[in-house]
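# What would the 3D arrangement of this be:
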Amino acid sequence: FLVPRSPKAFRDAWHVLLHDLHIKKELPPQEKYNAAQQIAYSAIVLMGAGSVVTGFAIYKPAQLAWLAALCGGYTMARLLHFLLTAGYVIFFVIHVLQVILAGWNNFRGMVIGYEVVNRRD
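Predicted coordinates for the structure are as follows:
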C-alpha cells in the first residue's frame with residue numbers, strides 16, 4: 001500500500017532518510033514500502049496530475065484561460081510545470097541511486113518481477 005496511512009509517516013520518512021545517509025543506525029519499522037517510499041510514490045502521482053493540469057494551461061492558454069488563472073497565470077503555470085519536471089529528474093536520480101545501493105538482485109527482481117534466491121539443499 002503506497003499511500004501513507006499514519007500521521008507519523010513524515011517522521012518515519014525522516015528517520016529513513018537519516019538511516020540512508022548513515023547518520024542514524026536504527027531503521028524505523030518497515031513494511032513492504034517504507035514511509036519515505038510511500039510519500040515519494042504518492043507524491044509522484046500527484047505531481048503527474050499537476051503536470052497534466054499545468055501542461056494544458058500552457059498548451060492552450062487562450063482556450064483554457066480559466067485553467068491558467070487557476071494555476072496563477074500563464075507564467076506561474078510555466079514555472080510550476082518546470083518545477084514539476086525538475087522534481088521528476090530528482091526522483092529518478094534518487095530512485096536509481098537507491099536501486100544501486102540495494103544491489104543487483106533487487107534490481108533484477110524489479111525488472112523480472114521476482115527475486116532470485118540461491119538455495120543450497
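# And the pLDDT at the most centrally placed residue in the chain?
Taking C-alpha atoms, centre = their mean, the centroid of the chain lies closest to residue 40, which sits 3.1 Å from it. pLDDT recorded at residue 40 is 90.
# Residue 54 too?
Residue 54 is assigned a predicted lDDT (pLDDT) of 97.
# Name the nearest residue to it, ignoring sequence neighbours.
Leaving aside its chain neighbours, residue 54 sits nearest to residue 81 (4.0 Å; criterion: C-beta to C-beta, 6 or more residues apart in numbering). In short, each C-beta sits where N, CA and C put it, glycine included.
# one step back: I'd like to know how far the residue nearest to the centre of the chain sits from residue 98.
Counting by C-beta to C-beta, to the nearest Å, the gap from residue 40 to residue 98 is 10 Å.
# Can I get stretch 89-108 as CSV, trimmed to CA atoms?
The C-alpha trace of stretch 89-108 is given here as CSV (Å, rounded to 0.1, in the frame of the first residue of the first chain):
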residue,chain,number,x,y,z
VAL,A,89,14.5,14.3,-12.5
ILE,A,90,15.3,14.4,-8.8
PHE,A,91,13.0,11.5,-8.1
PHE,A,92,14.6,9.5,-10.9
VAL,A,93,18.2,10.1,-9.8
ILE,A,94,17.4,9.2,-6.2
HIS,A,95,15.5,6.2,-7.3
VAL,A,96,18.4,4.9,-9.4
LEU,A,97,20.9,5.5,-6.6
GLN,A,98,18.6,3.6,-4.1
VAL,A,99,18.4,0.7,-6.6
ILE,A,100,22.2,0.7,-7.0
LEU,A,101,22.7,0.7,-3.2
ALA,A,102,20.1,-2.1,-2.8
GLY,A,103,22.1,-4.4,-5.1
TRP,A,104,21.8,-6.2,-8.4
ASN,A,105,19.4,-8.9,-7.2
ASN,A,106,16.9,-6.3,-6.1
PHE,A,107,17.2,-4.5,-9.5
ARG,A,108,16.8,-7.8,-11.3
